[in-house]
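>>> Only the shape, not the letters, is given here:
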């Protein structure tokens with residue numbers, strides 16, 4: 001097949017990404033040959049050699065893509081589509097070597113050829129030039145094949161390990177090196193993919209490796225099917241011959257069941273023979289049967305020197321057997337196909353009767369969908385004429401063939417969730433995987449045994465990435481490559497929608513992209529690409545099929561498909577997040593940002609903190625495709641919208657630069673927004689341990705408010721002002737701000753959110769204020785504020801607001817000595833904090849819960865909770881008093897366990913934290929803690945007069961009591 005002949009046939013394949021095998025063949029030393037030969041001889045030698053190489057490639061349905069000088073590049077598996085493209089390339093390579101050994105030109109020394117083979121995704125494209133058009137292949141797979149060709153010794157075939165995994169037959173290999181990393185010497189032994197010399201391919205088969213299934217992982221989740229196989233084989237010695245079949249899609253474990261059957265048979269002393277379907281021989285009469293016949297004859301020879309005579313074969317049958325043994329499909333060429341089938345059947349039946357004379361026999365048939373018609377006729381005769389057992393397996397399209405031979409086959413479906421988890425756990429026993437990795441494997445594999453095995457093995461490398469393995473991609477890509485143009489376009493449209501979608505989208509999409517929508521839909525169902533569900537939905541038969549279908553589209557095709565989907569979905573019930581995804585991938589970033597803004601507003605209304613974070617980060621990424629000024633503008637407005645959520649997740653500093661640009665006036669979003677940004681900067685600096693800098697930002701914001709007052713902005717400023725004032729040891733100012741805020745928000749506004757849906761400012765202020773009042777000894781007013789916060793949080797069902805109210809309530813009980821009541825409340829608060837991912841309050845939640853547990857003597861539980869918090873590390877992003885309490889709880893735990901050195905070190909860490917963060921108020925707490933640690937272990941406490949004086953000045957009642965206790969103890 002020439003390139004010119006292929007242009008028309010390949011028209012539908014152009015600008016598509018395909019999983020195929022690339023072959024590079026290069027004549028070794030051609031420059032030297034040309035130099036030593038005359039021009040005409042050199043030309044004859046090179047031209048004839050190239051012709052031999054091309055002929056061998058065409059013999060195995062390869063397509064010659066490029067001839068350049070003394071080298072040839074070919075692709076297999078594109079036109080025609082073939083699952084076994086790697087095998088075809090390997091066979092073509094060895095055919096090239098054989099042809100070249102015989103000499104390209106009579107009288108001239110035969111040149112040697114070096115060949116490289118690699119399989120992977122490639123892009124087919126038309127390339128126009130002044131002399132016409134050619135089809136070119138580009139992609140990393142082509143580059144790798146070229147590297148492998150350079151590694152291969154002269155007169156040999158080099159092949160990558162991943163490509164070997166695509167060849168089911170037994171391969172004789174010799175390792176010759178590894179593929180280098182980028183920038184490395186191609187002949188270095190860098191730890192890349194292994195490269196082998198492909199010495200030979202063994203088609204004969206034997207009892208040692210009877211089927212292509214492998215046993216690198218345990219057989220899990222097929223207990224029922226395995227018991228059926230075991231029962232049937234166990235009955236064969238008693239003469240109870242039977243047949244059974246299995247069907248299932250690629251990767252479901254059909255061949256593995258046959259492998260287990262061969263093992264069971266061997267263990268029981270039962271002889272077995274294998275008939276394997278093969279795409280290469282699917283159209284060759286008896287092509288699949290010949291290896292099995294040769295195997296049976298080999299089994300008979302130890303018992304009879306001439307199996308044909310022992311089986312009393314007729315002359316025609318003897319000639320048939322001789323053709324099978326020599327691999328000659330043209331035996332008795334003068335007979336009709338029907339007569340040849342009859343003779344072949346009688347020949348095989350006679351042989352099998354001879355084989356089972358005194359010994360039971362099991363015939364295993366693999367890949368029934370590739371068994372040629374002539375072999376199937378013989379199998380039907382064997383089933384009736386010889387006492388043996390048969391187990392056949394194939395894909396769903398072979399169900400009728402298997403049923404005709406073995407009765408109704410069993411359907412192999414996906415593994416159950418528990419069986420899938422057990423399989424992954426067993427595979428990764430030597431290198432246990434993290435729970436998140438296992439969950440990712442289970443989600444992507446969705447019960448497909450081959451996918452579970454391949455993903456689990458890939459995860460053992462620890463790279464974190466989990467690309468689709470070559471074996472799996474090859475199997476799934478074959479299913480898609482068999483689609484016609486209309487069905488392929490519809491498949492790509494469906495892949496753009498996702499793994500599942502409403503059935504109404506299928507009909508609308510088909511009308512958009514297909515010439516014959518009904519036929520295209522039927523074809524996708526027939527090829528088991530999509531299926532319908534009872535919930536009026538359509539889904540891909542496996543989500544990996546959708547993944548591969550999407551990956552086979554070029555960037556231009558993906559953009560077009562996302563535009564089609566966006567056109568179809570806009571104005572329907574699709575979510576803004578979904579529309580944003582399609583707009584982004586359709587090359588419409590501004591439209592994507594508009595949809596994301598609406599999606600963020602929806603998430604805020606439902607207090608969906610996790611989704612809002614994802615949407616914010618998506619918006620930030622999409623903005624990078626705009627010009628710098630527009631990008632900064634959109635990043636800033638999304639940052640302001642998401643800041644409240646980021647704060648709950650302890651990720652607020654992500655938005656700092658964008659918000660500061662608004663606060664400084666570098667981005668103009670309006671004067672009111674600039675004021676909000678300045679208050680946000682004050683909050684960010686307070687959280688980041690810079691309250692003095694935060695106070696400067698707050699002063700600018702309050703100057704704005706003096707000029708243009710606003711109730712929501714003034715409320716926000718008072719809340720942040722209270723935080724900073726208390727940190728800077730100005731408790732009266734902090735409480736006064738909260739008092740003013742409460743007076744400003746009358747009953748109708750107590751539940752107002754002012755856009756910050758995850759928290760109600762009134763509850764926020766009352767909860768923090770109650771904490772301050774407890775420390776200052778004003779318990780009655782603290783009770784009143786806590787009751788108000790709890791009541792409002794229950795009324796409005798805001799999780800974050802409820803957390804704050806509960807924390808204040810538990811703290812009141814803890815400081816009042818009612819640690820049992822405090823412990824119950826703090827446990828609930830801590831659970832809510834972690835479940836809702838309110839990591840900004842994790843340090844204080846954990847610290848206060850730890851203190852309560854220690855008071856109750858529950859030291860092991862305290863140790864676990866505090867240790868987990870330290871391991872998560874969220875406290876590093878919260879440079880406030882909340883983190884001080886985490887350190888205090890750890891210090892008190894060490895004190896309770898009598899560890900003086902650890903307690904002293906942690907107390908010093910708490911003091912350093914407060915000083916680094918400008919937390920003057922809690923620096924006093926830390927100084928008292930250090931004194932208590934020294935006193936607990938009989939060390940000198942040192943002078944505390946200045947601490948006494950400052951505590952008295954500020955009215956911190958809880959510290960005054962502890963100082964009095966220290967004084968009394970001394």
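That came through, no problem. Quick caveat: nothing in here was measured; it's all calculated off a predicted structure.

>>> And the strands in the stretch 751-900 of the chain?
Counting by DSSP state E, counting those that start in this stretch, the stretch 751-900 of the chain has no strands to list.

>>> And the helices in it?
761-776, 779-796, 799-815, 819-835, 842-855, 859-872, 881-896, 900-916 (DSSP state H, counting those that start in this stretch).

>>> Please dump those into TSV; it should also carry mean neighbour count for every row.
All C-beta spots, glycine's among them, are computed from the backbone N, C-alpha and C. Converted to TSV, those look like this (neighbours: other C-beta atoms under 10 Å):
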stretch	mean neighbour count
helix 761-776	25
helix 779-796	18
helix 799-815	24
helix 819-835	19
helix 842-855	26
helix 859-872	16
helix 881-896	24
helix 900-916	18
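
>>> Tabulate the ones you listed (TSV), appending distance to residue 518 and mean pLDDT.
Shown next, in TSV, are the helices of the stretch 751-900 of the chain (distance: least, C-beta to C-beta, whole Å; pLDDT from 0 to 100):
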stretch	distance to residue 518	mean pLDDT
helix 761-776	58	93
helix 779-796	53	92
helix 799-815	50	93
helix 819-835	49	95
helix 842-855	57	96
helix 859-872	55	96
helix 881-896	63	96
helix 900-916	70	96
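
>>> and of these, who's closest to residue 167?
Judged by C-beta to C-beta, the one of the helices of the stretch 751-900 of the chain that comes nearest to residue 167 is helix 859-872, at 46.5 Å.

>>> hmm, back to that, save the helices of the stretch 751-900 of the chain as TSV, and put in distance to residue 327 too.
Shown next, in TSV, are the helices of the stretch 751-900 of the chain (distance: least, C-beta to C-beta, whole Å):
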stretch	distance to residue 327
helix 761-776	84
helix 779-796	82
helix 799-815	74
helix 819-835	68
helix 842-855	72
helix 859-872	65
helix 881-896	77
helix 900-916	79
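
>>> of all those helices, which lies closest to residue 241?
With C-beta to C-beta, the closest approach to residue 241 among those belongs to helix 819-835: 60.6 Å.

>>> Give me the residues contacting the closest one.
Helix 819-835 is contacted from outside by 799, 802-803, 806-807, 809-814, 838-839, 841-842, 845-846, 848-849, 852-853, 855-856, 865, using C-beta atoms under 8 Å, 6 or more residues apart in numbering.

>>> Next: stretch 398-412.
Contact with stretch 398-412 is made by 222, 225, 228, 243-248, 252-254, 257, 365, 368-369, 371, 376, 379-380, 383, 390-394, as judged by C-beta under 8 Å, 6+ apart.

>>> which parts of that stretch are buried?
398, 399, 401, 402, 405, 406, 409, 410, 412 (16 or more other C-beta atoms under 10 Å).

>>> Filter those residues down to just the ones in helices.
Assigned to helices by DSSP state H, the following of the buried residues of stretch 398-412 qualify: 399, 401, 402, 405, 406.

>>> Tell me what the closest residue to the third one other than its chain neighbours is bridged to.
It refers to residue 402. Distance criterion C-beta to C-beta, 6 or more residues apart in numbering; nearest residue to residue 402, sequence neighbours excluded, is residue 245 at 3.8 Å. Beta-bridge pairing for residue 245 (DSSP bridges): residue 392.

>>> Could you check how far residue 245 is from residue 632?
Distance, residue 245 to residue 632, using C-beta to C-beta, to the nearest Å: 65 Å.

>>> Looking at those two, which is more packed in?
Between residue 245 and residue 632, residue 245 has the larger neighbour count (other C-beta atoms under 10 Å), namely 24 against 18.

>>> these two touch, right, the more buried one and residue 396?
No: between residue 245 and residue 396 there is no contact under C-beta atoms under 8 Å: 11.7 Å.

>>> Quick check: which element contains residue 362?
Assessed by DSSP states H and E, residue 362 sits inside strand 361-366.

>>> pLDDT (mean, whole number) over the helix or strand following that strand?
Using DSSP H and E, the next helix or strand after strand 361-366 towards the C-terminus is helix 373-385. Averaging pLDDT along helix 373-385 gives 84.

>>> Sort out which residues of helix 373-385 are buried, please.
With burial defined by 16+ other C-beta under 10 Å, the residues of helix 373-385 counted as buried are 374, 375, 376, 377, 378, 379, 381, 382, 383.

>>> got it, and stretch 45-56?
Under 16+ other C-beta under 10 Å, the buried positions of stretch 45-56 are 45, 46, 48, 49, 50, 52, 53, 54, 56.

>>> got those as JSON lines, with pLDDT columns?
Compiled in JSON lines, the buried residues of stretch 45-56 are given as follows (pLDDT from 0 to 100):
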{"residue": "45", "pLDDT": "77"}
{"residue": "46", "pLDDT": "81"}
{"residue": "48", "pLDDT": "85"}
{"residue": "49", "pLDDT": "87"}
{"residue": "50", "pLDDT": "89"}
{"residue": "52", "pLDDT": "91"}
{"residue": "53", "pLDDT": "93"}
{"residue": "54", "pLDDT": "93"}
{"residue": "56", "pLDDT": "93"}
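
>>> Keep only those of those residues that are in helices.
45, 46, 48, 49, 50, 52, 53, 54, 56.

>>> My guess is the first one contacts residue 110. True?
No: contact criterion C-beta under 8 Å: residue 45 and residue 110 do not qualify, at 9.2 Å.

>>> Quick check: phi and psi on residue 554?
With angles defined as degrees, to the nearest 10, residue 554 sits at phi -70, psi 170.

>>> tell me the pLDDT at it?
pLDDT recorded at residue 554 is 86.

>>> Check residue 703 too.
97.

>>> ok, now residue 183?
pLDDT at residue 183 comes out at 45.

>>> Residue 38 now?
The model reports residue 38 with a pLDDT of 63.

>>> And residue 292, by the same measure?
Reported pLDDT for residue 292: 84.
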